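In: Just need the structure, nothing else, for what follows:
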Amino acid sequence: MTFDLKDRVGIITGSTKGIGKAIAFSFAEAGANVVVSSRKADMCEAVAAEIREAGGEALPVPCHVGRPDELERLVDETLKAFGTIDILVCNAATNPVYGPMTSAGDAAFDKIMQTNVRSVFQLCNRVCPLMAEKKSGSVIVISSIAGMRGNAEIGLYGVSKAAEAGLVRNLAVEWGPFGVRANAISPGLIRTDFAKALLEDPVRLDRATNRTPLRRIGEPSDIAGVALFLASDAAAYVTGQNIVADGGETIS
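Out: Alright, predicted model coming up:
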């Protein structure tokens, strides 16, 4: 029963595919009422329908996390439907540019930071006080190992993910006295659309697999398991952490 999320309410941004979708299904299977959210309403509806068909409870609420008014609506619609928020998973992110940071430009910088960092800041500032009122809550931010080391191809993305991990530490300090926990998960290479270009290149895929001690690419379910732990009472004494789930890549 340690991982039981029965009757808890969880918002997962970017949850219509990949890691976010896997987390949504994992939470629903554990008994949570799940709010499925991404930019496209039809995809939210489709994933919510899948969860309900599997016996879970899901509410679709489309939201572009880069727009503060839509973040506000996401919270309001959740409260209208369920009356509370117990778990917040900030998973939605973007990376519109590849290559050196010198060629990225201010527009790309602003878009990445707005979507990946400021939206988390804004959403947490709206949700954490609600959790504090009942002395309970779990915030989970999906960061990345790209935020733990330099990268010549996705440098700005890595900077944004490092900022997310830093934000989590401060959330933990500020909200811990009110019973609210905040943690990050830093995945390695996961089989998602984000990594599609690498996964479709046999040479690069073989190289990536061989440098990972577990000798495989991660699956979205691998990250969903970590999120379930952090959302549940099993992690009741865990806060301010950045849990790396990369098959051992960063230690090899």
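
In: hey, let's count contacts and neighbours off CA atoms from now on
Out: Will do.

In: now stretch 177-192, how far from the chain's geometric center?
Out: Stretch 177-192 sits 7 Å away from the centroid of its parent chain (C-alpha atoms, centre = their mean, to the nearest Å).

In: For that stretch, measure first residue to last.
Out: End-to-end distance for stretch 177-192: 37 Å, by C-alpha to C-alpha, to the nearest Å.

In: List the buried residues in it.
Out: Along stretch 177-192, these residues count as buried under the neighbour rule (16 or more other C-alpha atoms under 10 Å): 178-191.

In: would you turn these into CSV with distance to Asn91?
Out: Shown next, in CSV, are the buried residues of stretch 177-192 (distance: C-alpha to C-alpha, whole Å):
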residue, distance to Asn91
Phe178, 24
Gly179, 22
Val180, 18
Arg181, 17
Ala182, 14
Asn183, 12
Ala184, 10
Ile185, 10
Ser186, 11
Pro187, 11
Gly188, 14
Leu189, 15
Ile190, 14
Arg191, 15
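
In: Spatially, which two of those residues are the most separated?
Out: Put simply, by C-alpha to C-alpha the two of those set farthest apart are Phe178 and Arg191, 36.7 Å from each other.

In: So what touches stretch 146-162?
Out: 94-95, 97-101, 109, 112-113, 116-117, 143-145, 163, 165 (C-alpha atoms under 8 Å, 6 or more residues apart in numbering).

In: repeat that with 10 Å
Out: Under the contact criterion C-alpha atoms under 10 Å, 6 or more residues apart in numbering, stretch 146-162 has outside partners 93-102, 104, 108-109, 112-118, 141-145, 163-167, 184, 186-189, 244, 250.

In: average model confidence for it?
Out: On average, the pLDDT along stretch 146-162 is 93.

In: Compute the first-to-last residue distance for it.
Out: Start-to-end span of stretch 146-162 (C-alpha to C-alpha) is 8 Å.

In: For the stretch 151-252 of the chain, just list every one of the strands.
Out: All strands of the stretch 151-252 of the chain, identified by DSSP state E, counting those that start in this stretch, fall at 180-187, 242-245.

In: Now mean pLDDT and distance to Ser232 too, for those, in a markdown table please.
Out: Below are these laid out as a markdown table (pLDDT from 0 to 100; distance: least, C-alpha to C-alpha, whole Å):
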| stretch | mean pLDDT | distance to Ser232 |
| --- | --- | --- |
| strand 180-187 | 98 | 11 |
| strand 242-245 | 98 | 15 |
